[in-house]
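Asks: Okay, predicted coordinates and the sequence, questions at the end:
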Amino acid sequence: MLSTARRTAALVNVLGAGPADTGPGPAPDAVAEVLRAYGEKEPVDLTVRDVEGMREAAVLLREVFAAESADAAAHVLNRLLGTHTGRLRLSSHQGGSPWHPHIDHADDAPWPEWFLASSCLALTVLVWDRQRPPGRVCASGSCRNVFIARGSGPERRYCSRRCATRERVAAHRRRAEG
Ligand SMILES: [Zn+2]
C-alpha cells in the first residue's frame, strides 16, 4: 500500500493539476512513464482524454495531501469514497497478479477511475495505519509537489532535497540582507 500511495503522489505531481493550473496537461507518455516506474504492466496505453480525466482526479486527491490532520484527511477521503469508488473486492486479474484489493467498479475500469479509486484505497489504509495525515504539500512557495509523509517521527516539510536546499539558501539570503 505504501508503494501505491507513493505512486499516487508521483502521479499527482506529474499531472500537475492544481487549483490555479489551467494550462495543458502532460503528454500521455510522461504519465505512462510514471506508471511503468511503479510496476504497471504493459500495455500502458493512455490517451489525451485519459490524462484529462486523471488530472481531474489529481485535483480531488490534492485535497487529501493538503489535509493537516488525520481528521481532515479522513473527512476528505470519506467524501471521495462516497462518491467516486465502487465496492471493495479482491482481484488477481485472472491469475495475472497476486490477490489485491480494488475499489474501482471493474478490473477494466478507465484509467482515471482506477487512479482515483486505487489512490483513495492506499491513502485510506495509511490514515488507518498511522493515524496521521497520509501526505503533505511541499512547503516551498515555488513548488506544488505532494509527497507521502513519514510514518513516525518529525515530519519533513519539503518534497525533495532540492526544495529544502533552495529554501534554506533563500532564508539565509533574507537574513544576510536583514
Ligand atoms: Zn518541493
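Replies: Structure's in. What do you need? Residues are numbered from 1 along each chain as shown.

Asks: going forward, measure contacts and count neighbours with C-alpha atoms only.
Replies: OK.

Asks: Isn't residue 34 up against residue 8?
Replies: No - the pair residue 34 / residue 8 is not scored as a contact, 9.9 Å apart, by C-alpha atoms under 8 Å.

Asks: hey, where'd the strands end up in this protein?
Replies: For the chain, the strands defined by DSSP state E cover 89-91, 100-102, 135-137, 146-148.

Asks: what would the ones you listed look like in TSV with mean neighbour count?
Replies: Putting the strands of the chain into TSV (neighbours: other C-alpha atoms under 10 Å) gives the following:
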stretch	mean neighbour count
strand 89-91	14
strand 100-102	16
strand 135-137	25
strand 146-148	25
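
Asks: any chance of those strands in JSON lines, with distance to the ion and mean pLDDT too?
Replies: Below are these laid out as JSON lines (distance: least, C-alpha to the ion, whole Å; pLDDT from 0 to 100):
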{"stretch": "strand 89-91", "distance to the ion": "35", "mean pLDDT": "94"}
{"stretch": "strand 100-102", "distance to the ion": "30", "mean pLDDT": "93"}
{"stretch": "strand 135-137", "distance to the ion": "8", "mean pLDDT": "96"}
{"stretch": "strand 146-148", "distance to the ion": "8", "mean pLDDT": "97"}
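
Asks: Serialize those strands to CSV and add fields for distance to residue 171.
Replies: Output for the strands of the chain, formatted as CSV (distance: least, C-alpha to C-alpha, whole Å):
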stretch, distance to residue 171
strand 89-91, 49
strand 100-102, 45
strand 135-137, 19
strand 146-148, 22
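
Asks: Which one's more surrounded, residue 34 and residue 8?
Replies: Looking at residue 34 and residue 8 with other C-alpha atoms under 10 Å, you find the greater number of neighbours at residue 8, namely 28 against 16.

Asks: Need the pLDDT of the residue nearest to residue 164 when sequence neighbours are not counted.
Replies: Leaving aside its chain neighbours, residue 164 sits nearest to residue 158 (5.6 Å; criterion: C-alpha to C-alpha, 6 or more residues apart in numbering). Per-residue pLDDT puts residue 158 at 95.

Asks: Output stretch 91-99 in CSV, but only the C-alpha positions, please.
Replies: Taking C-alpha atoms only, stretch 91-99 is exported to CSV below (Å, rounded to 0.1, in the frame of the first residue of the first chain):
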residue,chain,number,x,y,z
SER,A,91,-8.8,-9.2,-7.8
SER,A,92,-6.0,-11.3,-9.2
HIS,A,93,-6.6,-10.0,-12.8
GLN,A,94,-7.5,-13.6,-13.8
GLY,A,95,-4.4,-15.0,-12.1
GLY,A,96,-2.1,-12.4,-13.6
SER,A,97,-1.1,-10.9,-10.3
PRO,A,98,-1.3,-11.6,-6.6
TRP,A,99,-4.7,-11.0,-5.0
